[in-house]
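Asks: Make a model of this:
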Amino acid sequence: MKPLITLLLLWALSSCVVVAPPPATPENMQFAVTVTGGEGSTPAGEGTDFDAPWALAMQFTAEREDWPVGVEIGFQFGSANGHTATENRDLDLTDFSFGATKQWTVIPHLSLVTGAGLRIANATLLGPGWIFDTELDDDYSIGYYVHAGAWWMFHESLGVGLDARYADGSDYRLLGESVDSASSQLLLGLRWAF
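Replies: The predicted structure is shown next:
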């Protein structure tokens, strides 16, 4: 499964290079870096007993005035603690996303941002080890994500806001049990536009 994920990532990245329009002048481009964090929905499935996962995400967007939509690349890491004392298992969640985005300025300091695209996620089930937790199993999920956020730009290039995100894909298979890969999150963050 891992070689398939690697090939899909390489294909997605090479496709961007091939279909990219000619280089834009800095005056026509708008870039933004967004860092968000918060809590998501609890993983569901057979034999799952986890708290709601926390998540930390970073996203880079590029948009040009004459493009109908911009592009965004994101990475997210999260962890959910197991609350069954006899098993003491935790779940680490990693998420890579690539898609299209659009930003609108509603009023002078308020921007709305939406996006959607491909999501490749990984879940790693951890168990107790001697010093550090040990990996018991891991699996990948391929699917989609959508998000929408509102950002109050209190400075010319710096803002604070909320981003609501939903993602779904194929279920994880961990220790022979199915764990749902769907997640919904409401994240608080900072946005730096340049």
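Asks: Can you tell me the closest non-neighbouring residue to Gly159?
Replies: Excluding its sequence neighbours, the residue lying closest to Gly159 (C-beta to C-beta, 6 or more residues apart in numbering) is Met153, at 3.8 Å. All C-beta spots, glycine's among them, are computed from the backbone N, C-alpha and C.
Asks: What separation do you get for that neighbour and Val160?
Replies: Met153 sits 9 Å away from Val160, going by C-beta to C-beta, to the nearest Å.
Asks: Could you do Ala52 as well?
Replies: Computed as C-beta to C-beta, the Ala52 to Val160 distance reads 23 Å.
Asks: rewinding a little: higher neighbour count, Met153 and Val160?
Replies: More crowded of Met153 and Val160, by other C-beta atoms under 10 Å: Met153, with 17 against 13.
Asks: related to what we said a few turns ago, can you check which residues contact both of Met153 and Val160?
Replies: Arg191 (C-beta atoms under 8 Å, 6 or more residues apart in numbering).
Asks: Next up, identify which helix or strand the residue nearest the centre of the chain is on.
Replies: The C-alpha lying nearest the average C-alpha coordinate of the chain belongs to Gln76 (C-alpha atoms, centre = their mean; 4.5 Å). Here Gln76, judged by DSSP states H and E, is contained in strand 70-81.
Asks: Please point out which parts of stretch 171-181 sit buried.
Replies: By neighbour count on 16 or more other C-beta atoms under 10 Å, the buried set for stretch 171-181 is Asp171, Tyr172, Arg173, Leu174, Ser178, Val179, Asp180, Ser181.
Asks: and the fifth one, that's in a strand?
Replies: Yes - secondary structure assignment places Ser178 in a strand (DSSP: H, G, I helix; E, B strand; the rest coil).
Asks: So for it, what pLDDT did the model give?
Replies: What the model reports as pLDDT for Ser178 is 84.
Asks: can you pull up the bridge partners for the nearest residue to Gly161 once chain neighbours are set aside?
Replies: Nearest non-adjacent residue to Gly161, counting by C-beta to C-beta, 6+ apart: Trp151, 3.5 Å away. Beta-bridge pairing for Trp151 (DSSP bridges): Ser111, Gly161.
Asks: And the helices in this structure?
Replies: 2-19 (DSSP state H).
Asks: what helices or strands is the strand holding Gln76 leaning on?
Replies: Counting contacts by 3 or more C-beta pairs under 8 Å, 6 or more residues apart in numbering; DSSP states H and E, strand 70-81 is packed against strand 54-64, strand 90-107.
Asks: Many thanks, we can stop here.
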